[in-house]
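**Student:** Fold the following, please.
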Amino acid sequence: MDFLTTRDGTRIAYKDWGPKDAQVIAFHHGWPLSADDWDNQMLFFVNQGYRVIAHDRRGHGRSSQTATGNEMDTYAADVIELAAALDLRNAVHIGHSTGGGEVARYVARSEPGRVAKAVLIGAVPPVMVKSESNPGGLPLDVFDGFRAALAANRAQFYRDVPEGPFYGFNREGAKVSPGVIDNWWRQGMIGGAKAQYDCIKAFSETDFTEDLKAIAVPVLVMHGTDDQIVPIADSAMLSHPLLQRGTLKTYEGLPHGMCTTHPEIINPDLLAFVRA
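**Tutor:** Prediction:
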């Protein structure tokens, strides 16, 4: 891992593989994971000749366990600093879940020439929590429950999520992978509890509507129809119409963590979009 120290003193861990002069693919992970969640996609793309980059969001993975700044504006500001430090230009930014929100906010605020395309996979935009303006969202009680479970027994909570809805392992006939569950738990537990607790508010209550409208580059929206974490009806189906140059691709029966459970489907579609 390499490290960038941001203006506020936070150390951001990141991976940077492949030729420095190659097309850049930058990956943004979901909550409460790390850059390691993208290992399959990073190996796939580096073997195709791309330069691949993935960072651990502040408070997650091997980055500083921050007590403050655990919200979307600061997450995007960290990416702005990373892109400047590495001089990333015409990059394709791919975000999953919370990382999709980070991508939306970053791309909307990025310097001209930094971003060529973006991909939102099982992503949280436009906004997850239920309100008068978002009647199809999830009730705040759901996210209060996440916070309570994390505070009470984070280690057990971080078993329950991957064993159940995240990968669809709670569905009848699912092919359960103990290794995938263990890897989710490992990534979650090396991050900071305070930062991950705060991030629940960030991914559930942040409204990305104006970010989506402001994005001028092509955006691919990918979502599984059996996503139990970020229901498709209140995310991809609402995000796509807000984008100036959006393409929607849905995956029948696939779960939230479909990049891990079905890389043989997801990776070729990502490659086709990058090459288009």
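**Student:** Mind pulling up the pLDDT for the nearest residue to residue 33 once chain neighbours are set aside?
**Tutor:** Among residues not flanking residue 33 along the chain, residue 187 sits closest, at 4.5 Å (CB to CB, 6 or more residues apart in numbering). C-beta: built from backbone N, CA, C; applies to glycine. In this model, residue 187 is scored at 98, pLDDT.
**Student:** And for residue 110?
**Tutor:** On the pLDDT scale, residue 110 gets 97.
**Student:** For residue 87, see how far away it is.
**Tutor:** Residue 110 is 13 Å from residue 87, where distance means CB to CB, to the nearest Å.
**Student:** do residue 167 as well
**Tutor:** 36 Å.
**Student:** And the two? Which one has more around it.
**Tutor:** Using other CB atoms under 10 Å, the more surrounded residue of residue 167 and residue 87 is residue 167, with 27 against 9.
**Student:** quick one: that one from residue 49, how far?
**Tutor:** Residue 167 is 30 Å from residue 49, where distance means CB to CB.
**Student:** can you pull out the helices in the stretch 151-276 of the chain?
**Tutor:** Using DSSP state H, counting those that start in this stretch, the helices found in the stretch 151-276 of the chain span residues 178-190, 193-205, 209-214, 236-239, 258-261, 263-275.
**Student:** swap in the stretch 1-150 of the chain?
**Tutor:** Taking DSSP H, counting those that start in this stretch as the criterion, the stretch 1-150 of the chain carries its helices at 39-46, 72-85, 98-109, 140-163.
**Student:** Looking only at the longest one, what residues are buried by neighbour count?
**Tutor:** This points to helix 140-163. Across helix 140-163, burial judged by 16 or more other CB atoms under 10 Å covers 143, 146, 150, 154, 157-159, 161-163.
**Student:** cool, stretch 39-53 as well?
**Tutor:** 41-42, 44-46, 48, 50-53.
**Student:** show me the contacts for the most centrally placed residue in the chain.
**Tutor:** Residue closest to the average C-alpha location in the chain (CA atoms, centre = their mean): residue 99, at 2.2 Å. Contact partners of residue 99, counting by CB atoms under 8 Å, 6 or more residues apart in numbering, are 27-30, 57, 123.
**Student:** Just the pLDDT at it, thanks.
**Tutor:** Predicted confidence (pLDDT) at residue 99: the value is 98.
**Student:** nearest spatial neighbour of it, skipping sequence neighbours?
**Tutor:** Nearest residue to residue 99 in three dimensions, chain neighbours excluded: residue 28, at 3.2 Å (CB to CB, 6+ apart).
**Student:** May I see the helices of the stretch 1-150 of the chain organised as TSV, with distance to residue 264 added?
**Tutor:** Formatted as TSV, these follow (distance: least, CB to CB, whole Å):
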stretch	distance to residue 264
helix 39-46	10
helix 72-85	29
helix 98-109	21
helix 140-163	20
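**Student:** Nearest to residue 238, out of those?
**Tutor:** Residue 238 sits nearest to helix 98-109 of all the helices of the stretch 1-150 of the chain, at 12.5 Å, using CB to CB.
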